[in-house]
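Q: Dropping the sequence and predicted coords here.
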Amino acid sequence: MKTERLTNSLLTRLVLFGIVLIACSAVARYYFLVNFLETEQSAVAAERQGVVAGYLAESIGYRIGERRLFLERLAAQMPPGLARDPAALREWLGERHAIQPLLLQRLFVADTSGTVVAGYPDLLNQRTPSLAADSDYQRALAGSAVTDAPLSAWEAGAPLLGMLVPIRDAAGKVTGVLGGTNTLTPTGFLEQLQQKHLEPKGVFLLVSPARRLIITSNDPSMAVTPLPAAGADPMLDRALTGFRGNGVGHNAKGIEQVRGFASVPGTDWFVVACLPLASSIPGADRMRHLVARGGTVQAGVIVLLIMLTYFMFFRPLRRAAELADKMTRGEIPLSPLPVTSRDEVGHLTMAFNGLLARLKLHQSELQHQAHHDVLTGLPNRMMLAERMRQAIGDVCCEQSGIALLFLDLDGFKPINDSLGHKAGDLVLQEITRRLRQVARHSDTLARVGGDEFVLLATDLEAPLQNGARALAEKCIKAVSEPLLLAQGEYRLGVSIGIAICDGRCDADSLLQAADQAMYCAKASGRGCYVIAPAGIGCSHVVINAPAETEGTNRPAGSAHS
């Protein structure tokens, strides 16, 4: 028996699974993992460099576009004729420079001859240059916005981002060129980009293929330097012909690198993100050492995890199974099982609790059906008897009184026979709604027959007859209101028998007295109420009615059957 239990145990299966897992993982690590780390990880590193290059290119393109848009707006806002007053023009440029000093470090205006009319800040220690021979200036003068770099002649040793946009008059004619510059060194507007996204040994290059020039780099020695000769760097040569992507290759110095290439939007430049291959993955010998040591540690960890898994995950399941067995044997009442986790065990426990809740709801519905009328939802005879016994007991303790009103509808049978049971059910539901409005919160309204209702009124003050009469009159008035059915308008009446108790009675005699009083009301002409002491027959009842009707109290419009 114990052997069979051990064989079927989940713990045994988990231990065997762990042993197989350790053996398979050891083989996989030794024969496949090292090769995977050397080949696949280099591809992953190259892809990461491609992402870095793409992000740098997008960011550089956005920043260049931001400065170009700022320059174009300034050109559109320049007052006509301002270029003829260099001092006023310099002041105007200084005001605009103060608004966005970080976008463009220097602003200048050149006329149609290429002469720089004014600039802000002034060009220090240099004579005012002429742009007439500059091809970018000629393109701007022809009406195009131009972005190019470097303009290092204006700032010794520092690569500059140069931008030129045409200035137009009201007729759209180009009257000059508005230019701006900003440093491209890593300490300039590219500083944050290279600090956040490059590896510690990573290098990025901003390349102008048209000029075969490295515009700038986070390595200052490479800024504003020509590209290697063709054939010295095959991957860079491919990038100059349009290749964009990532890969592994040797640079012009023979160092193997993982690289990413991405175009800068709005320009013909591209970004190169480089990282030495040796820095992207650990050495192979170190990998083997780590794999061997990790295998030993892994074996111990797996065995430990199996044991912890069994005690942590399956102990709640065993506890839940024990409680369910006790509920099945009746040793403890039905109650939800404790949910200790949100995993599969917890899900199973919650499913059991949901099934248990549904069972309890079904039992509650059955109990409700056993104590309530299906059609009207009112308490039936069984619940009425319980309420009556409770009310009589309360009367004895609180020195108050109760009244039992037995109501029988007058004129219901003709409606039910002529219009059908469906119409009759609607009538009963409507009468129920009206009587519920008459009944107080502490009263009990029950249906005890086809068209018979009982209203148990509690906490009545002396004289008890007054409260009973008031309730009876309200019931008669409520029932006598017209009934609007699909077939037309109908009216009903109600005969009410009332039995009053001050505590010296029992439930059966009280109900019997009210029933007899109701028959006396029927015999007295219907549509009225009759009050009788509990336990006294019809021949001794007290009929509460106006003198002229000989024991009937009929509101206007009540029906008779």
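A: Perfect, thanks for sending it.

Q: Regarding the nearest residue to residue 394 once chain neighbours are set aside, what is its secondary structure?
A: For residue 394, ignoring the flanking residues on the chain, the nearest one in space by C-beta to C-beta, 6 or more residues apart in numbering is residue 458 at 6.9 Å. For the C-beta atoms, the positions are set from N, CA and C on the backbone; glycine is no exception. Reduced to three states with DSSP: H, G, I helix; E, B strand; the rest coil, the structure at residue 458 is strand.

Q: Give me the pLDDT for residue 458.
A: Note for residue 458: predicted pLDDT of 87.

Q: any idea how far residue 442 is from it?
A: Note on residue 458: its distance to residue 442, by C-beta to C-beta, to the nearest Å, is 5 Å.

Q: Those two - which one has more neighbours?
A: residue 458 (20 against 10; other C-beta atoms under 10 Å).

Q: pretty sure the more buried one contacts residue 439?
A: No. With contact defined as C-beta atoms under 8 Å, residue 458 does not reach residue 439; the gap is 10.8 Å.

Q: Give the next helix or strand downstream of the helix or strand bottoming out on mean pLDDT in the chain.
A: Least confident helix or strand of the chain, by mean pLDDT, DSSP states H and E, is helix 191-197 with a mean of 55. For helix 191-197, the following helix or strand on the C-terminal side (DSSP states H and E) is strand 203-208.

Q: Run through the neighbouring helices and strands of that following strand.
A: Applying 3 or more C-beta pairs under 8 Å, 6 or more residues apart in numbering; DSSP states H and E, one finds that strand 203-208 contacts helix 34-77, strand 213-217, strand 270-276.

Q: counting contacts, what elements does the last one pack onto?
A: Using 3+ C-beta pairs under 8 Å, 6+ apart, the elements in contact with strand 270-276 are helix 34-77, strand 203-208, helix 234-240, strand 256-263.

Q: ranges for the helices of the stretch 201-350 of the chain?
A: With helices called from DSSP state H, counting those that start in this stretch, the stretch 201-350 of the chain shows them at 234-240, 277-280, 284-309, 315-329, 344-371.

Q: do you know which of those lies nearest residue 211?
A: helix 234-240 (11.2 Å; C-beta to C-beta).

Q: model confidence over that closest one, on average?
A: In this model, helix 234-240 has an average pLDDT of 91.

Q: Equivalent analysis for stretch 215-224, please.
A: In this model, stretch 215-224 has an average pLDDT of 80.

Q: And that stretch, end to end?
A: Using C-alpha to C-alpha, to the nearest Å, one end of stretch 215-224 lies 5 Å from the other.

Q: Can you point out the buried residues in it?
A: Using 16 or more other C-beta atoms under 10 Å as the test for burial, stretch 215-224 gives 215-218, 223-224.

Q: Which of the residues you listed lies at the shortest distance from residue 430?
A: Residue 430 lies nearest to residue 218 out of the buried residues of stretch 215-224, by C-beta to C-beta, at 87.2 Å.

Q: quick one: that closest one and residue 47, what's the gap?
A: Plainly put, residue 218 is 21 Å away from residue 47 if you go by C-beta to C-beta.

Q: try residue 373
A: 74 Å.

Q: now residue 460
A: 88 Å.

Q: go on, residue 447?
A: Relative to residue 47, residue 447 is positioned 78 Å away (C-beta to C-beta).

Q: Which of these two has more residues huddled nearby?
A: Comparing residue 447 with residue 47 by other C-beta under 10 Å, the one with more neighbours is residue 447, at 25 against 15.

Q: ok, now which ones touch the more buried one?
A: 373, 375-376, 378-380, 428, 432, 453-454 (C-beta atoms under 8 Å, 6 or more residues apart in numbering).

Q: which among these gets closest to residue 503?
A: Nearest to residue 503 among the contacts of residue 447, with distances taken as C-beta to C-beta, is residue 454, at 19.2 Å.

Q: Could you check which helix or strand contains the closest one?
A: Assigned by DSSP H and E, residue 454 falls within strand 452-460.

Q: and that strand, which residues are buried?
A: Residues of strand 452-460 classed as buried by neighbour count (16+ other C-beta under 10 Å): 453-458, 460.
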